[in-house]
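Enquirer: sequence unknown, structure follows:
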RNA sequence: GGGGAGAUACCCAAGCGGCCAAAGGGGGCAGACUGUAAAUCUGUUGGCUCAUGCCUUCGGAGGUUCGAAUCCUCCUCUCCCCA
């Protein structure tokens, strides 16, 4: 095999969709060596177990890892159970609140389960940075902290901004990049991946490796995916995400709600839809031959197919067309049995109570009242606008609250 | 260590003794229009079986007052300046 040629080919494949690749020549050399010695590269991705679910924003990077695996390399999926106690200040305008040990453990389990929807378990090593982080001790931390200066820390955008705006920066936040970098030292990573907001942290890793006499890791950054609102980055805490663990209908529905401008970007970054097809969609939408709605359906199906199955995608598309395009009441709406306690002596249920009962704590009675007043509540297809409305529960009723909450209401027995 | 400024609802931010569940904006939700898109317009945005009512909420704990987000005391946290 022509090692150099193959290494060049791999570089080209891996470089696609990246924002930064530092340093490309180094990656090439590492790949050459890997091929000659038949030693897979050690590719690191660290994730703090802060949010208990992965969303398709995370998958941008994970897909890249999958590409490394496809070329025979090993992925080290590092769960930042130690760094998670600090909380990554990247891109944040305020200090994160630390997690408890239990939360971290729980979230880590969820991650493990979810990444294998994309990654190949055979080529994945799971690590926890508490393993070496705890051993560092206070002396280790001090030594580590001595390797970096305040001025250099303040080069970071987010720190600089916060500092300039007079917002607080806690001292321990300075430790985060250092500890993340130390992970690379401990793991002897060849490559580390992250979102563009991770660039600083990744670079610190290079620095620390060099100082420790190791060959510095190559760093690769990938775009940050915007959330459903199309403006802010996708994140669980902003509620603008599509979780990879969500059910087909939810994934499909959320995908259909993104702004048009995001369709192609989602396809490129978050799906396995082939390049040529994405190009066709792009040009088709530009010249008006492809309706954005249809492009979105394609995207939505692609996502469902990836995390569930092709059949599930078909099914979700059908469901969506019926429920939202044809405005039919979905057959599989959640069934709610009404407690006896809600039924008054006259055998009737007050509409407001029915709604709060169906909402199971997510809808207050004031809110239910508001929804009724605003015409957002439908019973058996007809708008209920009288908040005093009572209903006799002698059969199944179809209740719709707002745009997307559907319930099949049945008597308790 | 000294001096100054500040903490208001999901976020930003006004209010500085009663008319304050608290202006305005953002965001959210609902309605119209649609493609559950965007844009736009309208309404709404603490809770309570809805009530010229009650309860909870203006960093925390006390106090003054008929009455406090607003005044006083102490505490906690943040920022700035000086050392």
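Expert: Looks like it came in fine. Not measured: the values here are computed from a predicted model.
Enquirer: Would you check how far apart whichever residue of the stretch 201-350 of chain A sits closest to RNA strand B and residue A:218 are?
Expert: Nearest residue of the stretch 201-350 of chain A to RNA strand B (C-beta to the nearest atom of the strand) works out as residue A:253 at 2.3 Å. No exception for glycine: its C-beta is placed from N, CA and C like everyone else's. Remark: distance between residue A:253 and residue A:218 (C-beta to C-beta, to the nearest Å) = 39 Å.
Enquirer: Looking at the two, which one has more neighbours?
Expert: Ranked by neighbour count (other C-beta atoms under 10 Å), residue A:253 and residue A:218 place residue A:218 first, with 26 against 19.
Enquirer: May I have the beta-bridge partners of that one?
Expert: With DSSP bridges as the criterion, residue A:218 is bridged to residue A:191.
Enquirer: and the residue of the stretch 201-350 of chain A closest to RNA strand B, what is it in contact with?
Expert: With contact taken as C-beta atoms under 8 Å, 6 or more residues apart in numbering, residue A:253 is in contact with A:300, A:320, A:324, A:404.
Enquirer: Among these, name the ones in strands.
Expert: Judged by DSSP state E, strands contain none of the contacts of residue A:253.
Enquirer: Of those residues, grab the buried ones for PyMOL.
Expert: Selecting only the buried members of those in PyMOL, with burial defined as 16 or more other C-beta atoms under 10 Å, works like this:
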select buried, chain A and resi 300+320
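Enquirer: so can I have a markdown table of the contacts of residue A:253 showing distance to RNA strand B?
Expert: As requested, the contacts of residue A:253 are exported to a markdown table (distance: C-beta to the nearest atom of the strand, whole Å):
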| residue | distance to RNA strand B |
| --- | --- |
| A:300 | 9 |
| A:320 | 6 |
| A:324 | 4 |
| A:404 | 5 |
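Enquirer: Redo the contacts of residue A:253 as JSON lines? Include distance to residue A:148 and pLDDT.
Expert: Converted to JSON lines, the contacts of residue A:253 look like this (distance: C-beta to C-beta, whole Å; pLDDT from 0 to 100):
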{"residue": "A:300", "distance to residue A:148": "45", "pLDDT": "95"}
{"residue": "A:320", "distance to residue A:148": "51", "pLDDT": "91"}
{"residue": "A:324", "distance to residue A:148": "53", "pLDDT": "86"}
{"residue": "A:404", "distance to residue A:148": "49", "pLDDT": "84"}
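Enquirer: With distance to residue A:135 as new columns, can the contacts of residue A:253 be given to me in JSON lines?
Expert: Below are these laid out as JSON lines (distance: C-beta to C-beta, whole Å):
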{"residue": "A:300", "distance to residue A:135": "47"}
{"residue": "A:320", "distance to residue A:135": "52"}
{"residue": "A:324", "distance to residue A:135": "54"}
{"residue": "A:404", "distance to residue A:135": "50"}
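Enquirer: Looking at the contacts of residue A:253, which two lie furthest apart in space?
Expert: A:300 and A:404 (14.9 Å; C-beta to C-beta).
Enquirer: okay, now residue A:399: neighbour count?
Expert: Using other C-beta under 10 Å, residue A:399 has 22 other residues around it.
Enquirer: sorry, that was for residue A:403
Expert: 9.
Enquirer: Ok, residue A:20 next?
Expert: For residue A:20, the count of nearby residues is 16 (other C-beta under 10 Å).
Enquirer: my guess is it contacts residue A:196, does it?
Expert: Yes. Using C-beta atoms under 8 Å, residue A:20 is in contact with residue A:196, at 7.1 Å.
Enquirer: okay, and the common contacts of the two?
Expert: Taking C-beta under 8 Å, 6+ apart as the criterion, residue A:20 and residue A:196 both touch residue A:221.
Enquirer: which stretches of the stretch 151-300 of chain A form helices?
Expert: For the stretch 151-300 of chain A, the helices defined by DSSP state H, counting those that start in this stretch cover A:157-164, A:175-187, A:199-211, A:248-256, A:263-270, A:275-287, A:292-307.
Enquirer: so what secondary structure elements neighbour the fifth one?
Expert: Packing contacts for helix A:263-270, counted by 3 or more C-beta pairs under 8 Å, 6 or more residues apart in numbering; DSSP states H and E, involve helix A:56-70, helix A:275-287, helix A:292-307.
Enquirer: Generate JSON lines for the ones you listed, with distance to residue A:354 as supplementary columns.
Expert: Converted to JSON lines, the helices and strands packed on helix A:263-270 look like this (distance: least, C-beta to C-beta, whole Å):
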{"stretch": "helix A:56-70", "distance to residue A:354": "35"}
{"stretch": "helix A:275-287", "distance to residue A:354": "43"}
{"stretch": "helix A:292-307", "distance to residue A:354": "32"}
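Enquirer: Name the residues of the stretch 151-300 of chain A found near RNA strand B, please.
Expert: Counting by C-beta under 7 Å from any atom of the strand, the residues of the stretch 151-300 of chain A close to RNA strand B are A:163, A:166-169, A:229-230, A:252-253, A:256-260, A:291-293, A:296.
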